[in-house]
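> sharing a model that was predicted from the sequence below.
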Amino acid sequence: MTPEQLAAASKPYVLELGEAFSRCPGTLRRARLLGISGWAFYITGRAGALGDVRAPTVAAALGFVAPDAVADGWDAATRVVRPAEVATANLAECCRWGVQHLAELPGVTRLAGLLHRVVDAADDSAMPLFAAWRAMPVPDGSPGARAAVGLLLLREHFAGAYLLAVRAGGMTPLEAVLAGPEGEAGALACGWPPPYPRVAPLVRRRLWAEAVTDRLASAAFRALVPGEGAELLELLAAVRAEVQARVPS
């Protein structure tokens with residue numbers, strides 16, 4: 001398996017697991033403790049690693065969320081609490097989720113080690129959000145927490161690579177969202193109001209952007225020696241199956 005194939009195969013697992021903690025009821029309770037809404041916590045918790053910047057800078061870094069929706073969440077949060085504090089709380093919730101959901105799984109220590117080798121080898125050029133997150137100190141070094149943080153960081157790397165690929169392909173972030181699997185529902189969830197452009201002409205460009213994303217991210221996976229890529233995929237699949245089994249129906 002080539003590094004590019006490994007990046008493509010691992011991406012669905014990482015995108016799902018890397019944000020699983022954000023949907024946990026405990027994470028939403030942390031938002032209330034800070035005195036902000038869940039949306040404000042999501043935006044500022046994710047982008048607060050950038051520090052005390054303005055909403056347009058946050059919108060540029062996040063890319064796929066509408067600027068007005070970013071400003072609503074960011075400005076509401078920063079009137080109450082510093083962005084870095086929200087990001088620190090978000091990272092603490094990620095660690096808590098990892099301890100709660102991953103700590104007892106077989107192979108979690110190995111998974112954490114493989115993930116962090118990939119993350120440490122990743123190029124953060126033109127990926128300010130990934131770079132900011134990777135520089136943040138992690139409050140919990142236990143295997144479950146490290147695995148959860150590794151998933152979060154690798155997810156931000158994939159997201160940054162996809163944003164670069166989308167723009168290189170001549171698409172806007174809104175067009176990429178519309179051409180994605182959630183279509184107009186995804187655009188609404190990201191704060192983009194209708195009317196929307198036609199999707200059909202965008203699908204081929206989105207597929208091209210997905211391929212470029214895998215190519216950009218693949219360099220980090222060269223940190224793994226032969227055999228470790230397949231091991232990483234097996235561990236990711238096992239973790240996803242276990243996490244999905246624990247979600248109440």
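Nice, I can see it.
> name the helix or strand of the protein that has the lowest mean pLDDT.
helix 25-34 (a mean of 91; mean pLDDT, DSSP states H and E).
> I'd like the distance between residue 119 and residue 130.
9 Å (Cβ to Cβ, to the nearest Å). For every residue, glycine as well, the C-beta is placed using N, CA and C.
> which of those two has more neighbours?
residue 130 (25 against 22; other Cβ atoms under 10 Å).
> which helix or strand lies directly C-terminal to the helix or strand where the more buried one lies?
According to DSSP states H and E, residue 130 maps onto helix 128-135. Sequence order places helix 143-168 as the next helix or strand after helix 128-135, per DSSP H and E.
> what packs against that following helix?
helix 3-17, helix 83-101, helix 108-121, helix 128-135, helix 173-179, helix 203-221 (3 or more Cβ pairs under 8 Å, 6 or more residues apart in numbering; DSSP states H and E).
> give me the angle between that helix and helix 203-221.
140 degrees (axes from the mean of the first three to the mean of the last three Cα atoms, to 10 degrees).
> could you name every residue contacting both of residue 119 and residue 130?
Taking Cβ atoms under 8 Å, 6 or more residues apart in numbering as the contact rule, residue 119 and residue 130 both touch 153, 157.
> against residue 235, how distant is residue 105?
From residue 105 over to residue 235 (counting by Cβ to Cβ), the distance is 9 Å.
> residue 215 too?
Taken as Cβ to Cβ, the span from residue 215 to residue 235 is 24 Å.
> so those two - more neighbours on which side?
residue 235 (21 against 15).
> any regions of this protein where pLDDT drops low?
247-249 (pLDDT under 70).
> residue 50 is nearest to which of the helices and strands packed on helix 143-168?
helix 128-135 (5.1 Å; Cβ to Cβ).
> now for that closest one, which elements pack on it?
So helix 128-135, by 3+ Cβ pairs under 8 Å, 6+ apart, packs with helix 55-62, helix 143-168.
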